[in-house]
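J.: no sequence on hand, only this structure:
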Ligand code: LLP
């Protein structure tokens, strides 16, 4: 299950990805190393796009918070997906590398005036308005600025749905910092306020119930709620919403027990509900947009580490330590996330020893994997951790002044460096020493 895309164990018993032997990748680029399987990433883009397009007028956006860099931007563009950005930084990066701005959706619960102005200047496709403050701010900027066309806005609706996932990744529940709450009438007020804005064009509704979700019922239920809301809006205001953005959140395989549904099942859970409700409520079928991130980037990435020190606490636990940790993958420390790993240079050998994999940060919580079964790992072995393509690089840090790893994009036996390994000089780049301290 964890060998996805082009990953396989080759004739030398080594892990191979994108036609590159991981042992060779490490010789060439060192560790820790993020490796992205271009073909795997593209397959995920295509699979999702096709599954949704087969069921109705759909758009798939890639959520750039999962993994963003110039190579990914070019691949997403070529695969015909749109882009979900959530900050001035992501927006700027997308535009800098020439991503078509009409395919960009700009999210965020506290966009600044400067960020909104930038979005307008770039003619960003749609702005997903999160709250009343932002609605008035955007209307005011458009009223006072030299804006050629009315920007299309989506309103982020918080449906009051508790999707089963980690508390920090739930976003659809009533008590959430995001969006206009549906059950208490705030969402309807938001829609009416948006319709009053003479400089904005209400294009659609958006919602995102959370991340790493396996229950398709949650998506189906939310789609029904949103369709009911579209009907209620039509009844109260006469205005019919024609676009529905159902967010992302589709869960992937990290560890035994994780059972992701197929692209088709995921698309069905949303589209069946939308079609049925459109018929029952006598509505036009809206165009459906989804914005997965993890499902595209997650399985396509692995991290390679070199095994170093070892410690045994007699009768309790064996630890091995690697040359990275919570700085390149904060997810185990932050969410208790579990990962699957193997030794890339002994990938054909069965796991014979139970060891726990520690990172190198000065913090006991810096554990990457508890109780992994590995073939007697020794110093110098290469540990490959799977499904690290999403939310690893983008959430990485320089804690303990560790250097961020390099990233390589592999395809057809070629490995291209797409992110340089940080240097000690990089750590000093933005630092200033006042004269009086010299
Ligand atoms: N759309 C919106 C509005 C979102 O907030 C997110 C993720 C997505 C789409 C993409 O969700 P995905 O398909 O990747 O689940 N740092 C956490 C995940 C936080 C997700 C934030 N929003 C993690 O490492 O698991």
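T.: Nice, thanks for sending it over. Every value quoted in this text rests on a predicted model; they were computed, and no experiment measured them.
J.: pull the contacting residues for the residue nearest to residue 366 when sequence neighbours are not counted.
T.: Nearest in space to residue 366, with sequence neighbours left out and distances taken as CB to CB, 6 or more residues apart in numbering, is residue 359 at 3.9 Å. For every residue, glycine as well, the C-beta is placed using N, CA and C. Contacts for residue 359 (CB atoms under 8 Å, 6 or more residues apart in numbering) come out as 321-322, 324-327, 366-368.
J.: distance of residue 359 from residue 22?
T.: With the distance defined as CB to CB, to the nearest Å, residue 359 ends up 19 Å from residue 22.
J.: likewise for residue 356?
T.: Taking CB to CB, one finds residue 356 at 22 Å from residue 22.
J.: again with residue 245
T.: Residue 245 is 38 Å from residue 22, by CB to CB.
J.: give me the more crowded residue out of these two.
T.: In this view residue 245 and residue 22 are compared by other CB atoms under 10 Å, and residue 245 has more residues nearby, 29 against 26.
J.: so what pairs up with the more buried one in the strands?
T.: Counting by DSSP bridges, residue 245 is bridged to residue 206, residue 289.
J.: which residues of the stretch 301-438 of the chain lie near the ligand?
T.: The stretch 301-438 of the chain has residues 331, 391, 395 near the ligand, with proximity defined as CB under 6 Å from any ligand atom.
J.: what does stretch 121-133 contact?
T.: Identification of contacts with stretch 121-133 by CB under 8 Å, 6+ apart yields 82, 91, 95, 101-111, 116, 119, 135, 138, 149, 151-156, 178-180, 190, 193-194, 203-204, 206, 245.
J.: and for residue 187, the neighbour number?
T.: Here the count is done by other CB under 10 Å, and residue 187 has 25 residues near it.
J.: which strands and helices sit next to the helix ranked longest in the chain?
T.: With residue count as the measure and DSSP state H as the assignment, the chain has helix 216-237 as its longest helix. When contacts are defined as 3 or more CB pairs under 8 Å, 6 or more residues apart in numbering; DSSP states H and E, helix 216-237 sits against helix 186-196, strand 201-206, strand 243-245, helix 263-281.
J.: looking at those, which is closest to the ligand?
T.: Smallest distance to the ligand across these (CB to the nearest ligand atom): 7.3 Å, for strand 201-206.
J.: list the buried residues for that closest one?
T.: For strand 201-206, a neighbour-count test (16 or more other CB atoms under 10 Å) marks 202-206 as buried.
J.: okay, the angle between that strand and helix 186-196?
T.: If you take axes from the mean of the first three to the mean of the last three CA atoms, to 10 degrees, strand 201-206 sits at 160 degrees to helix 186-196.
J.: quick check on the closest residue to the ligand within the stretch 301-438 of the chain: phi, psi?
T.: Going by CB to the nearest ligand atom, the ligand is nearest to residue 391 of the stretch 301-438 of the chain, at 3.2 Å. In terms of degrees, to the nearest 10, the main-chain angles of residue 391 are phi 60, psi 30.
J.: so residue 246 sits right up against residue 286, yeah?
T.: No: in this structure, residue 246 is not within contact of residue 286 by CB atoms under 8 Å, at 10.2 Å.
J.: of these two, give the one with the bigger neighbour count.
T.: Comparing residue 246 with residue 286 by other CB under 10 Å, the one with more neighbours is residue 246, at 25 against 22.
J.: list the residues that contact the more buried one.
T.: Residue 246 neighbours (CB under 8 Å, 6+ apart): 207-208, 219, 222-223, 226, 270, 288-290.
J.: distance of it from residue 270?
T.: According to CB to CB, residue 246 stands 5 Å off from residue 270.
J.: what does residue 315 give?
T.: Distance from residue 315 to residue 270, by CB to CB: 51 Å.
J.: state the pLDDT value of the residue nearest to residue 378 when sequence neighbours are not counted.
T.: Leaving aside its sequence neighbours, residue 378 sits nearest to residue 307 (CB to CB, 6+ apart; 6.8 Å). Per-residue pLDDT puts residue 307 at 98.
J.: now residue 161
T.: 83.
J.: that one touches residue 179, doesn't it?
T.: No: between residue 161 and residue 179 there is no contact under CB under 8 Å: 11.7 Å.
J.: okay, those two: which has more neighbours?
T.: Using other CB under 10 Å, the more surrounded residue of residue 161 and residue 179 is residue 179, with 25 against 21.
J.: that one contacts residue 158, correct?
T.: Yes: in this structure residue 179 lies within contact range of residue 158 using CB under 8 Å: 3.8 Å.
J.: any idea of the mean pLDDT in stretch 88-103?
T.: Here stretch 88-103 scores 98 as its mean pLDDT.
J.: which strand or helix spans the closest residue to residue 313 other than its chain neighbours?
T.: Among residues not flanking residue 313 along the chain, residue 319 sits closest, at 7.6 Å (CB to CB, 6+ apart). Secondary structure assigned from DSSP states H and E places residue 319 in strand 317-322.
J.: quick one: distance of that strand to the chain centre.
T.: 30 Å (CA atoms, centre = their mean, to the nearest Å).
J.: how about residues contacting the next helix or strand after that strand?
T.: Following strand 317-322 in sequence order, the next helix or strand is helix 331-335 (DSSP H and E). Under the criterion CB under 8 Å, 6+ apart, residues 166, 168-169, 326, 337-339, 363, 365-369, 391-392, 395 lie in contact with helix 331-335.
J.: how would you label residue 149: helix, strand or coil?
T.: coil (DSSP: H, G, I helix; E, B strand; the rest coil).
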